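J.: Turn this into a structure:
(one chain, ligands or ions: 1)
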Amino acid sequence: MSAMTASLAAIVPRSVKAMTQTYDTSTLPVVISTWDFGIAANAGAWQILSKGGRALDAIEAGARIPEADMKNHTVGRAGYPDRDGFVTLDACIMDELGNCGSVAAMEDIAHPISVARLVMEKTPHVMLVGDGARQFAVENGMKKEKLLTPESEKAWKEWLKKAEYKPVMNIENQMPGSKYNHDTIGMLAIDSKGNISGGCTTSGMAFKLHGRVGDSPIIGAGLYVDNEVGGATSTGVGEEVIRNVGSFLVVELMRQGYHPEDACKEAVNRIIKKKPDTAKNIQVGFLAINKKGEHGAYAIQKGFSYAVCNKEKQDLLIKGKSVY
Ligand code: SD4
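T.: Numbers count the residues shown, from 1 in each chain. Predicted coordinates:
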């Protein structure tokens with residue numbers, strides 16, 4: 001290398017290096033998802049990825065599985081309602097080109113991930129909320145239905161007896177096997193071409209204030225994908241993730257060379273550093289994958305897990321490390 005090229009190399013930003021880097025694609029495709037129920041979601045995504053399909057299609061197909069699960073009260077169709085009895089759903093999706101779409105506080109539509117994709121592909125916008133999101137979904141052929149299930153209604157009425165507005169979030173996995181052992185689903189996939197996409201979908205905090213929106217539909221907070229670097233997603237108390245623009249932070253740390261797990265750990269530590277007293281009592285978990293397909297996770301509290309699916313094994317469940 002001449003002195004000239006050596007000095008130029010020193011000033012080339014990492015992002016430009018990433019664009020010109022080549023990666024070993026033999027470990028691809030791969031899809032990872034938050035929590036135990038990520039295994040089922042990954043299986044849906046794998047049907048597409050294993051046939052050489054696009055990561056974006058895999059994400060949508062995978063996320064629709066927990067959204068349709070009538071036993072799942074934290075995502076989609078059977079999600080728990082807000083304080084006033086309305087089921088309001090949040091979701092977003094992002095592709096390898098930086099396109100993204102999102103819906104928030106949307107009622108009466110069981111598959112917010114698909115509406116988010118429609119927002120991305122059919123509108124010049126990124127985000128639609130509330131009545132407008134529902135109207136757009138119906139105009140695009142999606143079924144309008146009452147989402148509140150008898151079980152969700154029962155749980156809400158039980159909650160109303162005390163109506164304590166003290167959400168304890170995302171620690172459900174500390175009780176494996178319980179009916180609460182799942183939460184928001186965040187998914188990240190890399191297809192056989194090496195392209196990354198991600199999605200995040202939730203009914204949010206159970207019994208939240210009507211109109212409350214968490215991190216899950218916020219690009220940069222609940223999800224971020226940069227095809228040069230990797231992707232990240234989050235689960236847990238959305239307010240803390242939004243405050244720290246968590247998923248964007250994780251991706252930017254990976255751009256600087258952090259391993260996905262270290263990037264997630266640093267993002268968790270930022271949350272703790274800013275509000276140590278709040279952080280002790282809440283859960284936030286990040287999940288990330290880099291362009292090479294290396295993945296990792298980190299959470300504030302114990303109990304976080306994530307599911308990995310690739311050629312070798314389709315139902316791997318990994319325990320997320322945690323600060324406490
Ligand atoms: C939210 N992060 O609405 C989501 C929900 C979640 O525990 O992950 N639930 O804040």
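
J.: near the ligand, which residues of the protein show up?
T.: Residues of the chain found near the ligand, taking CB under 6 Å from any ligand atom as the criterion, are 169-170, 183-184, 202, 204-205, 214-216, 235-238. For the C-beta atoms, the positions are set from N, CA and C on the backbone; glycine is no exception.

J.: just the residues you listed now: which is nearest residue 39?
T.: For these, the residue nearest residue 39 by CB to CB is residue 183; the value is 14.0 Å.

J.: Quick check: phi and psi at the residue lying closest to residue 68 once chain neighbours are set aside.
T.: Distance criterion CB to CB, 6 or more residues apart in numbering; nearest residue to residue 68, sequence neighbours excluded, is residue 77 at 5.6 Å. Backbone geometry at residue 77, expressed as degrees, to the nearest 10, gives phi -40, psi -50.

J.: can you check the one 3 residues further on too?
T.: Residue 80 adopts backbone torsions of phi -70, psi 150, taken as degrees, to the nearest 10.

J.: Nearest residue to it in space, ignoring adjacent ones along the chain?
T.: For residue 80, the spatially nearest residue (CB to CB, 6+ apart) is residue 206, at 3.8 Å.

J.: what about the one you found, distance to residue 225?
T.: Using CB to CB, to the nearest Å, one gets 28 Å for the distance from residue 206 to residue 225.

J.: Looking at those two, which is more packed in?
T.: Under the neighbour definition other CB atoms under 10 Å, residue 206 and residue 225 were set side by side, and residue 225 has more, 31 against 20.

J.: re earlier: ok, the residue nearest to residue 80 - contacts?
T.: 73-74, 80-81, 155, 159, 167 (CB atoms under 8 Å, 6 or more residues apart in numbering).

J.: List buried residues within these.
T.: By neighbour count, with 16 or more other CB atoms under 10 Å, these hold 73-74, 80-81, 155, 159 as buried.

J.: other SSEs contacting the helix or strand in which residue 308 is found?
T.: Residue 308 is located in strand 305-310, with elements delineated by DSSP states H and E. With contacts defined as 3 or more CB pairs under 8 Å, 6 or more residues apart in numbering; DSSP states H and E, the packing partners of strand 305-310 are strand 30-34, helix 38-49, strand 295-299, strand 316-319.

J.: which of those is buried the deepest?
T.: Stretch with highest mean neighbour count among the helices and strands packed on strand 305-310: strand 30-34 (a mean of 31; mean count of other CB atoms under 10 Å).

J.: Given that strand, what are its sheet partners and their directions?
T.: strand 185-190 (antiparallel), strand 305-310 (antiparallel) (DSSP bridges).

J.: Determine the angle, from 0 to 180 degrees, between the first one and helix 38-49.
T.: Yep, that's strand 185-190 we're talking about. Compare the direction of strand 185-190 with that of helix 38-49 by axes from the mean of the first three to the mean of the last three CA atoms, to 10 degrees and you get 30 degrees.

J.: try the last one
T.: With the same axes, to 10 degrees defining the directions, strand 305-310 sits at 20 degrees from helix 38-49.

J.: Could you give the separation of strand 305-310 from the chain centroid?
T.: Averaged C-alpha coordinates place strand 305-310 at 13 Å from its chain's average position (CA atoms, centre = their mean, to the nearest Å).

J.: That one - what's its average pLDDT?
T.: pLDDT averaged over strand 305-310 equals 96, rounded to a whole number.

J.: okay, the angle between that strand and strand 295-299?
T.: Taking the same axes, to 10 degrees, one finds strand 305-310 and strand 295-299 inclined to each other by 170 degrees.

J.: Send me strand 305-310 as CSV with only the CA atoms.
T.: Listed next in CSV are the C-alpha coordinates belonging to strand 305-310 (Å, rounded to 0.1, in the frame of the first residue of the first chain):
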residue,chain,number,x,y,z
SER,A,305,-34.8,-15.3,25.3
TYR,A,306,-34.6,-15.4,21.6
ALA,A,307,-35.1,-17.9,18.9
VAL,A,308,-32.7,-18.6,16.0
CYS,A,309,-33.5,-20.5,12.8
ASN,A,310,-30.9,-21.4,10.1
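
J.: Check what contacts that strand and list those residues.
T.: Residues outside strand 305-310 that contact it (CB under 8 Å, 6+ apart) are 27-39, 41-43, 45-46, 173, 287, 293, 295, 297, 315-320.

J.: Please report how far residue 136 lies from the ligand.
T.: With the distance defined as CB to the nearest ligand atom, to the nearest Å, residue 136 ends up 21 Å from the ligand.

J.: Can you list the neighbours in contact with the host helix or strand of residue 263?
T.: Counting by DSSP H and E, the secondary-structure element that holds residue 263 is helix 260-274. Counting by CB under 8 Å, 6+ apart, the neighbours of helix 260-274 from elsewhere in the structure are 230, 232, 240-241, 243-244, 246, 249-251, 253-254, 258, 279, 284-290, 294-300, 321, 323.

J.: Could you check the angle that helix makes with strand 30-34?
T.: Going by the same axes, to 10 degrees, helix 260-274 makes 20 degrees with strand 30-34.

J.: Report the mean per-residue pLDDT for helix 260-274.
T.: Average pLDDT, helix 260-274: 97.
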